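*Asks:* Okay, here's the prediction I keep looking at, along with the sequence it came from:
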Amino acid sequence: MAEASATVDTQVQAKPKEKLFSKKNKRTLSDPLSDNNPITLQVLGICSALAVTVQVPTALVMSGAVVFVLTISNVTVSILRNKIPSKIRIIVELAIVATLVILVDQILKAFLYDISKQLSVFVGLIITNCIILGRAEAFALQNKPWPSFLDGLGNALGYAIILLVVATGREILGSGSFFGFQLFPDSWYAAGYENMGLMVLSPGAFILLGLIIWGQRMISQKFEEN
Amino acid sequence: MHKNTYVFFFAAAVTITCSILLAAAANLLKDRQQENIAFDIQKNILASAELGSAEMIRQEVLDLYDKYIRSKVVNLQGEEVSDKTVDQIDPKKDLDLLPLYYAEENGEISAYIIPISGKGLWSTIYGYLALENDLNTIMGITFYKHGETPGLGGEIEKDWFKNNFKGKKIYSPDGELVSITVIKGKVEELIPAEEAYHYVDGISGSTLTGNGLNNFLKNDLQTYKPYFDKLKEQRMEQ
């Protein structure tokens, strides 16, 4: 939680007519995509980012689930923000998040059974994904529903982008395919090309993620000085 | 600050809303989910007998299943029970009845498939084991439901682990049922070559899942042994 509260953003005051896409609202949506990405800058939600990125389809479904849960939980918490007793606010937030996650899990089991089996416990573990509770605590509790919606969407998409980039890299390098379609002709394999087994395993995700974080910090020049 | 009564009622309201939502969703989606589970079981039965492939679409799986897979009920004494079908077995009441599946191709039985299940480390593991027509050689094994740790015990559902079972024998040369043992480490390094066909490589970090698997595999094979023995006797007579 300490990392998440570093980005508290509490300046939405009761201005009577704020445009739907004011500059500030746009930043709320776009910041988490790059400059304040939940995975690469705040380094939250790593566990699932490692686990479900062996192939693109699972990463895509996981991303969709997180987008759904994070936006709706943010909006719900924001609507209830003046009603939630502060003594039990974490429990209430968790109940909301958990309900949404179980809902997603049930829907996946009904409509995307194979993928839900591959995602196994990781859908359930969205409940404990620090990004979700972090955004509820750090943003939705202080802001109106619309900015909270944008914040949730932005953070979820920021999570999704990294997940998909890592999954694309891992699937291409590790399985020689993209979305299950074989990329390299059999003649390459006959000529001695081999899929990189490391990329199928979790360390492969660590390495790719590390490279992405390094690259991003090189470009944005945002890092902690000792 | 809110009063305690308010906190109490708020908590109650949240709980009730959440439970109503979840109960409604569970009820609405139940049929579809059960259909998926039943379908997944059929797919696993086929996979254990090395029929079909993972890429098959739904209808292909159903067709293949209808074409090859037959089932019958046997009891603990090894007799066939003809007045019940596999679907009618109530696992709570019919403790002495066992479902048995077999793959039949052109009148010849190519595989006998038995359900296997038992405790792993965290969860009950469910799967199927297919034996070749000699009732000794393993044709294939699948696990379709478990709650083991992904990356550790969860590796049991991976192909590399399941493929290790193929071609292994459950009987020793002198006819004793020894089942298959998942060892700690690699078979080729630890087990003498003449015994290697009773052992498979373990998964590092999941010895306890392997131990659980060893136990229930042997148990399940024991319960079907009377039937298999009778089957062998019949064959000898013919």
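*Replies:* Good, I have the coordinates.

*Asks:* Walking through chain A, point out its helices one by one.
*Replies:* Counting by DSSP state H, chain A has helices at residues A:2-5, A:23-30, A:46-51, A:56-79, A:89-111, A:113-119, A:121-124, A:130-135, A:145-170, A:186-190, A:197-200, A:202-220.

*Asks:* mind checking which of those is nearest B:Asp201?
*Replies:* Among the helices of chain A, the nearest to B:Asp201 by Cβ to Cβ is helix A:197-200 (16.5 Å). (C-beta placed from N, C-alpha, C; glycine too.)

*Asks:* Now do the contacts for the residue positioned nearest the centre of chain A.
*Replies:* Closest to where the C-alpha atoms of chain A average out (Cα atoms, centre = their mean) is A:Tyr159, at 2.6 Å. By Cβ atoms under 8 Å, 6 or more residues apart in numbering or on different chains, the contact set of A:Tyr159 is A:Asn37, A:Pro38, A:Ile39, A:Gly45, A:Ala49, A:Ser63, A:Val66, A:Leu70, A:Ile131.

*Asks:* re the thing from before, in a markdown table: the helices of chain A, plus mean pLDDT.
*Replies:* Formatted as a markdown table, the helices of chain A follow (pLDDT from 0 to 100):
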| stretch | mean pLDDT |
| --- | --- |
| helix A:2-5 | 43 |
| helix A:23-30 | 82 |
| helix A:46-51 | 79 |
| helix A:56-79 | 92 |
| helix A:89-111 | 93 |
| helix A:113-119 | 84 |
| helix A:121-124 | 83 |
| helix A:130-135 | 89 |
| helix A:145-170 | 91 |
| helix A:186-190 | 83 |
| helix A:197-200 | 80 |
| helix A:202-220 | 86 |
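
*Asks:* In JSON lines: the ones you listed, plus distance to B:Ile191.
*Replies:* Output for those, formatted as JSON lines (distance: least, Cβ to Cβ, whole Å):
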{"stretch": "helix A:2-5", "distance to B:Ile191": "49"}
{"stretch": "helix A:23-30", "distance to B:Ile191": "59"}
{"stretch": "helix A:46-51", "distance to B:Ile191": "33"}
{"stretch": "helix A:56-79", "distance to B:Ile191": "36"}
{"stretch": "helix A:89-111", "distance to B:Ile191": "40"}
{"stretch": "helix A:113-119", "distance to B:Ile191": "33"}
{"stretch": "helix A:121-124", "distance to B:Ile191": "33"}
{"stretch": "helix A:130-135", "distance to B:Ile191": "45"}
{"stretch": "helix A:145-170", "distance to B:Ile191": "35"}
{"stretch": "helix A:186-190", "distance to B:Ile191": "33"}
{"stretch": "helix A:197-200", "distance to B:Ile191": "25"}
{"stretch": "helix A:202-220", "distance to B:Ile191": "29"}
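
*Asks:* re earlier: how close does the residue nearest to the centre of chain A get to A:Leu33?
*Replies:* A:Tyr159 is 10 Å from A:Leu33, where distance means Cβ to Cβ, to the nearest Å.

*Asks:* Which residue comes closest to B:Glu60 once chain neighbours are left out?
*Replies:* Spatial nearest neighbour of B:Glu60, excluding adjacent residues (Cβ to Cβ, 6 or more residues apart in numbering or on different chains): B:Gly52 at 7.1 Å.

*Asks:* can you count the residues close to the one you found?
*Replies:* 17 (other Cβ atoms under 10 Å in any protein chain shown).

*Asks:* Specify the local secondary structure of it.
*Replies:* Classification of B:Gly52 by DSSP: H, G, I helix; E, B strand; the rest coil places it in coil.

*Asks:* is any part of stretch B:203-211 close to chain A?
*Replies:* No: using Cβ under 8 Å from any Cβ of the partner chain, stretch B:203-211 stays clear of chain A, coming no nearer than 12.3 Å.

*Asks:* Kindly format the C-alpha coordinates of that stretch as CSV.
*Replies:* The C-alpha coordinates for stretch B:203-211 follow below in CSV (Å, rounded to 0.1, in the frame of the first residue of the first chain):
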residue,chain,number,x,y,z
ILE,B,203,8.5,-32.6,-10.1
SER,B,204,11.0,-30.6,-8.2
GLY,B,205,9.3,-28.7,-5.4
SER,B,206,6.3,-30.9,-5.2
THR,B,207,7.3,-34.1,-3.6
LEU,B,208,4.0,-34.1,-1.5
THR,B,209,1.8,-33.8,-4.6
GLY,B,210,3.8,-36.8,-6.0
ASN,B,211,3.3,-38.8,-2.8
